[in-house]
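[1] curious how this folds, go ahead:
(one chain, ligands or ions: 1)
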Amino acid sequence: MTYQKIQVKQLSGAGGAEITGVDLVTADDQTIAEIESALHQFLVVTLPDQPLDDVQLARFTARLGAFGLEPFVEGESTHPNVVAVVKEADEVKRLNFGGRWHSDWSFLETPPSYTLLHARELPPFGGDTLFANQYLAFESLSEGLQTLLKGQQAIHSARRPYGPQSHNANGKHLRSMKIKTGPEALAEFAHPMVRRHPATGRSALYVNPVYTIRLQGMTEDESAPLIGFLSERSVRPEFIIRVAWRPNMLTIWDNRVVQHLAVNDYDGHRRELHRTSVLGETPVAA
Ligand code: SIN
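    Numbers count the residues shown, from 1 in each chain. Now for the predicted structure:
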């Protein structure tokens with residue numbers, strides 16, 4: 001793949017790329033198309049030195065597609081489709097937002113294709129975000145397990161983090177986050193365990209330990225060993241892309257083919273990033 005409008009530098013063996021030579025406020029259509037091509041090639045892209053406010057972040061997001069839904073986090077007053085991901089300095093020994101491996105809102109019928117996260121305030125160390133390449137995770141499985149999984153659907157639900165019995169509903173969440181919980185989190189949706197990316201045609205594992213609660217037609221107990229095995233397999237070190245944030249950096253990732261986790265290693269320091277997402281399609285089986 002050759003790029004004319006952007007400079008692209010790969011971040012790790014599993015993918016990820018830093019894109020420079022771009023101003024996202026004034027970018028032309030070819031530049032946007034090249035950023036999207038880089039996303040398809042590298043799964044995660046970082047764009048340093050992009051001092052965007054919420055309106056500019058939302059405007060750029062809309063150039064990638066319609067806004068994704070934000071079912072359990074309230075939007076900002078500056079723009080309803082922008083949510084703040086915040087952990088205050090005094091919020092210590094708490095599960096942070098996005099602190100376990102997941103693919104964004106995979107319990108929706110149409111989970112987001114892309115998520116965009118813009119760094120506003122960063123701790124003096126730590127607070128990186130990890131991504132795991134789910135093409136590589138799928139390709140690492142035996143042919144037998146690949147074939148078995150390709151025929152399976154799994155049930156996704158927001159029940160564990162956002163249901164009435166969740167830690168978020170029981171006051172253990174970060175008070176700085178505008179999290180909503182409720183019975184609507186009990187809804188379930190079945191998705192293929194292996195999905196085909198609409199642009200690349202490649203197959204990716206689509207199972208995550210936060211929202212994938214069981215295999216279709218099986219109980220949670222029966223499903224737990226396989227979901228546990230796949231969750232562990234999905235995040236092998238050689239599948240990882242690590243993003244170390246800098247102020248004003250924008251990172252975009254493709255939820256269809258990566259899981260991610262916000263590393264919670266900066267207790268005592270404040271971290272704030274602003275997030276938008278792009279509406280995806282109903283996952284299609286590989
Ligand atoms: C998220 O899961 O969207 C949060 C990621 C982060 O804060 O690094």
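
[2] can you tell me the SS state at the one residue in the stretch 51-200 of the chain that gets nearest to the ligand?
    At 2.3 Å from the ligand, residue 98 is the closest residue in the stretch 51-200 of the chain, using C-beta to the nearest ligand atom. Heads up, the C-betas are built off the backbone N, CA and C, glycines and all. Here residue 98 is recorded as coil under DSSP: H, G, I helix; E, B strand; the rest coil.

[3] what helix or strand does residue 131 sit in?
    strand 129-133 (DSSP states H and E).

[4] typo on my end, it should be residue 39
    Residue 39 belongs to helix 29-42, assigned by DSSP H and E.

[5] I'd say residue 105 and residue 69 touch.
    Yes - with contact defined as C-beta atoms under 8 Å, residue 105 reaches residue 69; the gap is 6.9 Å.

[6] neighbour-wise, which of the two wins?
    For residue 105 versus residue 69, neighbours defined as other C-beta atoms under 10 Å are more numerous around residue 105 (22 against 15).

[7] what number of residues lie near the residue lying closest to residue 122 once chain neighbours are set aside?
    Spatial nearest neighbour of residue 122, chain neighbours left out: residue 245 (5.3 Å); criterion: C-beta to C-beta, 6 or more residues apart in numbering. A count of nearby residues for residue 245, using other C-beta under 10 Å, gives 21.

[8] please name the bridge partners of residue 132.
    residue 240, residue 259 (DSSP bridges).

[9] who in the stretch 1-150 of the chain is up against the ligand?
    Residues of the stretch 1-150 of the chain lying near the ligand by C-beta under 6 Å from any ligand atom: 85, 97, 98, 115, 117, 129.

[10] give the contact list for the fifth one.
    Residues counted as contacts of residue 117 (C-beta atoms under 8 Å, 6 or more residues apart in numbering) are 85, 129, 250, 251, 252, 273, 274, 275.

[11] could you rerun that using 7 Å?
    Applying C-beta atoms under 7 Å, 6 or more residues apart in numbering, we find residue 117 in contact with 85, 251, 273, 275.

[12] and residue 253, what element?
    Using DSSP H and E, residue 253 falls in strand 250-254.

[13] re earlier: and the strand holding residue 131, what does it pack against?
    Contact here means 3 or more C-beta pairs under 7 Å, 6 or more residues apart in numbering; DSSP states H and E; on that basis strand 129-133 packs against strand 240-243, strand 258-262.

[14] okay, those, which one's buried deepest?
    Of all those, strand 258-262 has the most neighbours on average by mean count of other C-beta atoms under 10 Å, namely a mean of 23.
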